[in-house]
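In: dropping a prediction and its sequence here:
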Number of protein chains: 2
Amino acid sequence: MNKSEVKVIGILERVGGFASAQELYQLLQRNGESIGLTTVYRALQSLVSDKIVDQLRRDDGEAIYRLCGDSHHHHLVCKLCGSTVEIEGSAIERWTKTVAEQHGFREVGHTAEVFGICPNC
Amino acid sequence: MNKSEVKVIGILERVGGFASAQELYQLLQRNGESIGLTTVYRALQSLVSDKIVDQLRRDDGEAIYRLCGDSHHHHLVCKLCGSTVEIEGSAIERWTKTVAEQHGFREVGHTAEVFGICPNC
DNA sequence: AGCAGAAATGAAAATGATTTTCATTTTCAA
DNA sequence: TTGAAAATGAAAATCATTTTCATTTCTGCT
Ligand SMILES: [Zn+2]
Ligand SMILES: [Zn+2]
Ligand SMILES: [Zn+2]
Ligand SMILES: [Zn+2]
């Protein structure tokens, strides 16, 4: 966890939701932080692979990031405004386990995202 | 529905699943079809807005397309050798629907991938 | 402190998917 | 037939992201 990663976590905390790398870079600039765009990308990559940050995609394909809580969860994301609800998934947890065992797979993980249009949109 | 859109639908039928615009373009070329990359993109846009084709995103952000009505399924992928099993997911289908409705979301879709280590590895 | 190697940094260039431009060709109804 | 509208595609532009690479900063050791 280096200096840049701390800066990126800090700005993600202030954002409180999803933001793209480009947006985070601009926010950092406005805050007077000295950090390059390349470094923002590298910090985000590192934080994602450490599971400190969630990465998903806007409809236009741009990657967006946000701080992830430590407990395992999934997301319910609005296709229009991007608002997100963290959801528990005991049903899906059981399903992945079952289906993997049926096929003899071990060390099983999974990804799952639910998306739709939220009540506000 | 113009000539190009028919060609794109044709190649999507032969693919039988998801493919990117670039991949579809190359397949059309190999089939001797005369069609430009720009036109492939335009045909896909049009088909997506007519709800004839589904568009989603690969993890790297590249858009992928498939004919609507290809049967819905998920994948169980080996982390080591990449071998893939197509799986049915009635449990996860129900779960996504329930969880989305609880939060007032409509027009709900989802993605789900299960990964692990296959029996051969 | 002084030094060497490792890690981090960021500007600039490269990459690659997708979109835009624009001149040309095709379609089609009057 | 004719002229406007739609379709086409090559080339250029766009834009997020990655790569390169020279420079700077950090870290552990004497
Ligand atoms: Zn919304
Ligand atoms: Zn889960
Ligand atoms: Zn395997
Ligand atoms: Zn499903």
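Out: Looks like it came in fine. Ligands and ions are numbered 1, 2, ... in the order given.
In: all the strands of chain A, residue numbers only.
Out: A:19-20, A:53-57, A:63-67, A:74-78, A:84-87, A:106-117 (DSSP state E).
In: okay, domains of chain A per the record?
Out: When chain A is parsed with automatic domain parsing, its domains come out as A:3-67, A:74-116.
In: worst mean pLDDT among those?
Out: Across the domains of chain A, domain A:74-116 has the smallest mean pLDDT, namely a mean of 77.
In: ok, is that one in contact with DNA strand D or not?
Out: No - Domain A:74-116 stays clear of DNA strand D (CB under 7 Å from any atom of the strand), getting no nearer than 14.2 Å. Where you see a C-beta, it was placed from the backbone N, CA and C, and this is true even at glycine.
In: and the residue of chain A closest to DNA strand C?
Out: Closest residue of chain A to DNA strand C, CB to the nearest atom of the strand: residue A:36 (2.5 Å).
In: surely residue A:107 is in contact with residue B:117?
Out: Yes - between residue A:107 and residue B:117 there is a contact under CB atoms under 8 Å: 5.0 Å.
In: contact partners for the residue nearest to the spatial centre of chain A?
Out: With distances taken as CA atoms, centre = their mean, the residue of chain A nearest its centroid is residue A:54 (1.8 Å). Residues near residue A:54 by CB atoms under 8 Å, 6 or more residues apart in numbering or on different chains: A:48, A:65-68, A:75.
In: equivalent analysis for residue A:48, please.
Out: A:54-55, A:65.
In: for residue A:29, which residues are in contact?
Out: With CB under 8 Å, 6+ apart, residue A:29 has these contacts: residue A:35.
In: from the chain's centre, how far out does stretch A:108-117 sit?
Out: Remark: stretch A:108-117 is offset 12 Å from the chain centroid, using CA atoms, centre = their mean, to the nearest Å.
In: close to ligand 1, is it?
Out: No - using CB under 5 Å from the ion, stretch A:108-117 never reaches ligand 1; the gap is at least 6.1 Å.
In: residues contacting that stretch, please?
Out: Contacts of stretch A:108-117 (CB under 8 Å, 6+ apart): A:56, A:74-80, A:87, A:89, A:92, A:96-97, A:100-101, B:92, B:96, B:99-100, B:105-116.
In: and if we set it to 7 Å?
Out: For stretch A:108-117, the surrounding residues in contact (CB atoms under 7 Å, 6 or more residues apart in numbering or on different chains) are A:56, A:74-80, A:89, A:92, A:96-97, A:100, B:96, B:99-100, B:105-116.
In: who's more crowded, residue A:107 and residue B:117?
Out: Legend: neighbour count by other CB atoms under 10 Å in any protein chain shown for residue A:107 and residue B:117, higher for residue B:117 (16 against 11).
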